[in-house]
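sequence first, predicted model second:
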Amino acid sequence: MFDLDVARDPAAPLALPPAPERYTSKPEINHIFKADAQSPPKIISGVFMLAVLFTLPALMGMWVGLGGNFDHVGKAFGASPIAHGLFFGSVIAMEGVFFLYYYSWTLFQTLPVAGVVAIVAYVSGSRALTEVQERRIAGQR
């Protein structure tokens, strides 16, 4: 299609690529690590714990106000004891995992255990809620 003629100026110096990096010893790198995370003062943790404990009765009152009652616990555990037991146990177990994470565990210890507990809670909760729905459909509210 066309002729290409590249002419180089003989007076211009040749541009050489930079010299390759050699694998030799480098100067020492001194890392400065952050200090470990500290827990908040015990008084702050205590205030939040008391706030949660004082909130629980209000939440239970709201639950009863919305139609929840304890009369159906026997029926629920009678109809589907494994699902309801596992679900309630998994909720308690997850709280235990959170406590251990706060108290002593690392994230890498916590995540696998929390994953197993979450799977148990999901499966058993699904079964338990199916049983509750069946009772509601049957008019046993």
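In hand now; what should we look at?

and the protein, what are its domain boundaries?
Per automatic domain parsing, the domain ranges recorded for the chain read 41-69, 71-135.

quick one: which of these is nearest Met1?
domain 71-135 (63.1 Å; CB to CB). (C-beta placed from N, C-alpha, C; glycine too.)

now the longest helix seen in the chain: how far from the chain's centre is it?
Secondary structure assigned by DSSP state H gives helix 107-137 as the longest helix of the chain. Helix 107-137 sits 15 Å away from the centroid of its parent chain (CA atoms, centre = their mean, to the nearest Å).

so for it, mean pLDDT?
Across helix 107-137, the average pLDDT comes to 93.

any idea how far Ser80 is from Ser45?
38 Å (CB to CB, to the nearest Å).

give me the more crowded residue out of those two.
Ser80 (20 against 12; other CB atoms under 10 Å).

for the more buried one, which non-adjacent residue is closest in space?
Glu131 (4.2 Å; CB to CB, 6 or more residues apart in numbering).

what is the neighbour count of that neighbour?
16.

now do Leu129
Around Leu129 there are 13 residues (other CB under 10 Å).

so how far does stretch 8-18 reach from one end to the other?
With CA to CA, to the nearest Å as the measure, stretch 8-18 spans 21 Å from end to end.

can you give the distance of it from its chain's centre?
So, by CA atoms, centre = their mean, the centroid of stretch 8-18 is 60 Å from its chain's centroid.

now Ala35: phi and psi?
Per-residue torsions, Ala35: phi -70, psi 150 (degrees, to the nearest 10).

separation between it and Gly68?
46 Å.

which one of the two is surrounded by more residues?
Neighbour count, other CB under 10 Å: between Ala35 and Gly68, Gly68 has more, with 11 against 5.

perfect, that will be all.
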